[in-house]
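Q: Below are the sequence and a predicted model; questions follow.
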Amino acid sequence: MKKTAIINFITGSLLSALLMISVQHWFFPTTNIVTFDMKKTTDRFLVQVSKLDLTEAQKDQLIAKYNNTLKAVLEKEAKGNTLILVSGAVMAGVVDKTADIQQQIAEAMKNHE
């Protein structure tokens, strides 16, 4: 009888702990902290645009599209519990997502999103 009570207590305690961890993860999800070099990305884009044989109106249109795409990609990242810091804000263990975000922007621009 004593052994069964101890096993039930341990099982109940483990289930309670798992429930508390699950609730904490559900209501308070962890935030990922990453960096993104927006200046480098935008500068690279502007250099590419300047090399294209486009009218000023076409360049303005392309830049507006880039700005909207950049905003959409960053908003999508933020919805995923990601805090995006400007590159140069050096913190140990922070992942630089510049290449990933640049790829998302390029794909969205190419797919006319």
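A: Thanks, I have the structure now.
Q: contacting residues around residue 59?
A: 49-50, 52 (C-beta atoms under 8 Å, 6 or more residues apart in numbering). Any C-beta I mention is one placed from the backbone N, CA and C, and that applies to glycine too.
Q: cutoff 6 Å now
A: Applying C-beta atoms under 6 Å, 6 or more residues apart in numbering, one finds that residue 59 lies in contact with residue 49.
Q: Pull out the buried positions in the host helix or strand of it.
A: Applying DSSP states H and E as the criterion places residue 59 in helix 56-79. By neighbour count on 16 or more other C-beta atoms under 10 Å, the buried set for helix 56-79 is 62, 66, 69-70, 73-74, 77.
Q: for stretch 39-46, same thing?
A: For stretch 39-46, by 16+ other C-beta under 10 Å, it's 41, 45.
Q: Look at residue 83 and say how many residues are nearby.
A: For residue 83, the tally of surrounding residues (other C-beta atoms under 10 Å) stands at 12.
Q: Show me where the chain dips below the pLDDT cut-off.
A: Across the chain, the ranges flagged by pLDDT under 70 are 1, 3, 7-9, 12, 14-15, 17-18, 21-26, 28-29, 87-93, 112-113.
Q: Show me the strands in it, by range?
A: Ranges of strands in the chain, per DSSP state E, are 32-36, 82-86, 95-96.
Q: Just say which of these is most tucked in.
A: Mean neighbour count (mean count of other C-beta atoms under 10 Å) peaks for strand 32-36 among those, with a mean of 18.
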